[in-house]
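K.L.:
quick one: sequence and predicted model below, then my questions.
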Amino acid sequence: MFYLSLFIKGITHRPWSGMVWAATSLTVLALCLMGPRVENLFENKVVIQSETNPYFYAIMPNKINSNYVKRKLLELPGVEKVFVLSEENVSSQIKSILSQASIEWDSDLMDLNYGGIKVSLSPDLKLRSQELIRSYLTRLTGKNEVTMGAIKVPEVKEVESKSLYFENKLLFLAILTGIAYFISLGMIYRSLKEESFIYEQYQRKKQIYLKTLSYSQAPLLAGVILSTLYYKMIMLPLLAAVVFSMAFYLIIGDRKKVC
């Protein structure tokens, strides 16, 4: 209790330094207790969705004017966009649509002149209205002239952004907290040294500073060691920073005399 009382007395002489040390120590302990769960506080997730509306593809011979079909479809309520496909997209969609329908096809057929469109529908459009639009497209082009794929509804995908900081959140926090702890310990170092010097002079006790600093920081060091044993390599930078900080101020405190 003597060394704990001396430590408290030392940091109260410089309140701001004491508060910085207390805040930093609490941060170190919180990081040790919560470990990788701290990452959840710093997640940088971005919702990526290139397409928000239901859509379907339609393939038709080039003799049918795709731009005319596009114009007529855009007149219908519930049709938001119509895209005329490029030759490369047409070829890939022919394969996809025929595969969905379990229709065998010859790759030589891909050389035939086909055109295609992508029809984007309103998100709130009912199933019956969707089928009416497809029926209209069939009548517009001819039943035997158009092949349509299934209506697809895009899925929202949530992904974590890839930056150096966010890929190594916990490692970054461990290093940053370790540096902050080193600085905070330096802020209370001199006041502890002064208090220890007074007691050493008038109570004839030795190594008061070393014991005061060691005993006061022992619980924090124990917490970091246990956290490192549990979370393994990811907490090593924090452990190294705490050990280095304590060793540094113990050594210089033992060597330097208070003027």
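P.N.:
That came through, no problem. Residues are numbered from 1 along each chain as shown.
K.L.:
domain ranges for the chain?
P.N.:
2-45+163-255, 55-155 (automatic domain parsing).
K.L.:
kindly reformat those as CSV containing mean neighbour count.
P.N.:
C-betas here are computed from N, CA, C, even on glycine. Shown next, in CSV, are those (neighbours: other C-beta atoms under 10 Å):
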stretch, mean neighbour count
domain 2-45+163-255, 16
domain 55-155, 15
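K.L.:
local confidence estimate at L213?
P.N.:
Looking at L213, its pLDDT stands at 82.
K.L.:
list the contacts for it?
P.N.:
Taking C-beta atoms under 8 Å, 6 or more residues apart in numbering, we find L213 in contact with 7, 192, 246, 249-250, 253.
K.L.:
for K70, see how far away T228 is.
P.N.:
The gap separating T228 from K70 is 64 Å, by C-beta to C-beta, to the nearest Å.
K.L.:
C-terminal to the helix or strand of the chain with the lowest mean pLDDT, what's the next element?
P.N.:
Across the helices and strands of the chain, mean confidence by mean pLDDT, DSSP states H and E is lowest for helix 164-167: a mean of 45. Using DSSP states H and E, the next helix or strand after helix 164-167 towards the C-terminus is helix 169-203.
K.L.:
what sits opposite L121 in the beta ladder?
P.N.:
With DSSP bridges as the criterion, L121 is bridged to V79.
K.L.:
how big is the angle separating the helix or strand hosting Y215 from helix 169-203?
P.N.:
According to DSSP H and E, Y215 maps onto helix 208-231. Taking axes from the mean of the first three to the mean of the last three C-alpha atoms, to 10 degrees, helix 208-231 and helix 169-203 form an angle of 160 degrees between their directions.
K.L.:
report the inter-axis angle for whatever helix or strand comes next after helix 208-231 versus helix 169-203.
P.N.:
Next helix or strand after helix 208-231 toward the C-terminus (DSSP H and E): helix 236-255. Angle of helix 236-255 versus helix 169-203, following the same axes, to 10 degrees, is 20 degrees.
K.L.:
helix 236-255 - what's its average pLDDT?
P.N.:
Average pLDDT, helix 236-255: 83.
K.L.:
so what's the gap between it and the chain middle?
P.N.:
32 Å (C-alpha atoms, centre = their mean, to the nearest Å).
K.L.:
for that helix, packing partners?
P.N.:
helix 15-34, helix 169-203, helix 208-231 (3 or more C-beta pairs under 8 Å, 6 or more residues apart in numbering; DSSP states H and E).
K.L.:
can I get these in CSV including distance to V153?
P.N.:
Converted to CSV, these look like this (distance: least, C-beta to C-beta, whole Å):
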stretch, distance to V153
helix 15-34, 38
helix 169-203, 34
helix 208-231, 41
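K.L.:
nearest to S120, out of the ones you listed?
P.N.:
helix 169-203 (37.8 Å; C-beta to C-beta).
K.L.:
the closest one vs helix 15-34, what angle?
P.N.:
130 degrees.
K.L.:
name the helices or strands packed onto helix 169-203?
P.N.:
helix 2-12, helix 15-34, helix 208-231, helix 236-255.
K.L.:
for these, give me TSV that also has distance to M148.
P.N.:
Formatted as TSV, the helices and strands packed on helix 169-203 follow (distance: least, C-beta to C-beta, whole Å):
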stretch	distance to M148
helix 2-12	76
helix 15-34	53
helix 208-231	54
helix 236-255	58
